[in-house]
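A.B. asks: Could you work out the structure for the sequence below:
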Amino acid sequence: MSTVLKAVFFDYGGTLDADGIAWKARFWPLYRRFGVHVPPDRFDRAFYRADDSLATEADASLRLDEVIQLQVTRVLRNLDISDTLLAAQIAGAFFEDSLAAVRRNLGLLRRLRPRYRLGIISNNYGNLDAICRQTGLSDFIKVMVDSALVGVCKPDARIFYTAMDALEVPPAASVMVGDSLARDVRGARNVGMRAVWLAGSRTTRPPADPGCAVISRLAQLPEVLAAWA
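C.D. replies: Purely as a prediction, here's the structure:
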């Protein structure tokens, strides 16, 4: 682990827009708050159907607020609910929460930018660039790799190599930061990158691995990177 770190790659959803909470887990309490009470397994099916349809369409022009609105509208449709006001309420609450989290994390990226090349590797809908421009992330991120555009998703090794090639860094000089143990952490470790798991409040921990660290908040990342320096 003596190689100097040159690049830090982030997941987007659940990482830069939340402290370790994936979209589905964040959406579930919002739907309940606004009166949508369905069994969890039915909600899961509706969510993943909407998610898959958006990734298949890969509309690069969609801003964050627009893709959230589409996602919510399709979930409700999959639940046999047609209510434009309800969709706007859920989508609006989710968007404001996401935007607030990203803006908090811009300060972290500003701290890291002088020392590291920064990138995003995301299983997304093809609109990662539009999201980054809308939220201000594009001011700090050198490369954005969107699964819907490159045709492979994390944890596939090819999506990590695509990002590293774009920044001209080897795996040993790269670290992946994300909220998914399977997609982000194990995917990165399988190609020789170091990894930081943004676990949030989860208590489960991965097996001991000198190339893997665990944090509960993204603000703790500089301490991890300093320890690896």
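
A.B. asks: Mind listing the residues bridging to the residue nearest to residue 211 when sequence neighbours are not counted?
C.D. replies: Closest residue to residue 211 apart from its sequence neighbours, by C-beta to C-beta, 6 or more residues apart in numbering: residue 194 at 4.6 Å. In short, each C-beta sits where N, CA and C put it, glycine included. Beta-bridge partners recorded for residue 194 (DSSP bridges): residue 175.

A.B. asks: mind checking how far residue 194 is from residue 132?
C.D. replies: According to C-beta to C-beta, to the nearest Å, residue 194 and residue 132 sit 23 Å apart.

A.B. asks: quick revisit: the residue nearest to residue 211 is in contact with residue 188, isn't it?
C.D. replies: Yes - Residue 194 is in contact with residue 188 according to C-beta atoms under 8 Å; the separation is 7.2 Å.

A.B. asks: Common neighbours of those two, please.
C.D. replies: Here residue 194 and residue 188 have 174, 175, 176 as joint contacts, going by C-beta atoms under 8 Å, 6 or more residues apart in numbering.

A.B. asks: quick revisit: compute the number of surrounding residues for the residue nearest to residue 211.
C.D. replies: By the criterion of other C-beta atoms under 10 Å, residue 194 has 26 neighbours.

A.B. asks: which helices and strands sit right next to the longest helix seen in the chain?
C.D. replies: As assigned by DSSP state H, the longest helix anywhere in the chain is helix 84-112. Where contact means 3 or more C-beta pairs under 8 Å, 6 or more residues apart in numbering; DSSP states H and E, helix 84-112 is packed against helix 23-33, helix 64-78, helix 128-135, helix 221-228.

A.B. asks: can you list those helices in TSV and add mean neighbour count, distance to residue 85 and mean pLDDT?
C.D. replies: Below are the helices and strands packed on helix 84-112 laid out as TSV (neighbours: other C-beta atoms under 10 Å; distance: least, C-beta to C-beta, whole Å; pLDDT from 0 to 100):
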stretch	mean neighbour count	distance to residue 85	mean pLDDT
helix 23-33	16	14	96
helix 64-78	20	11	97
helix 128-135	21	24	96
helix 221-228	14	39	95
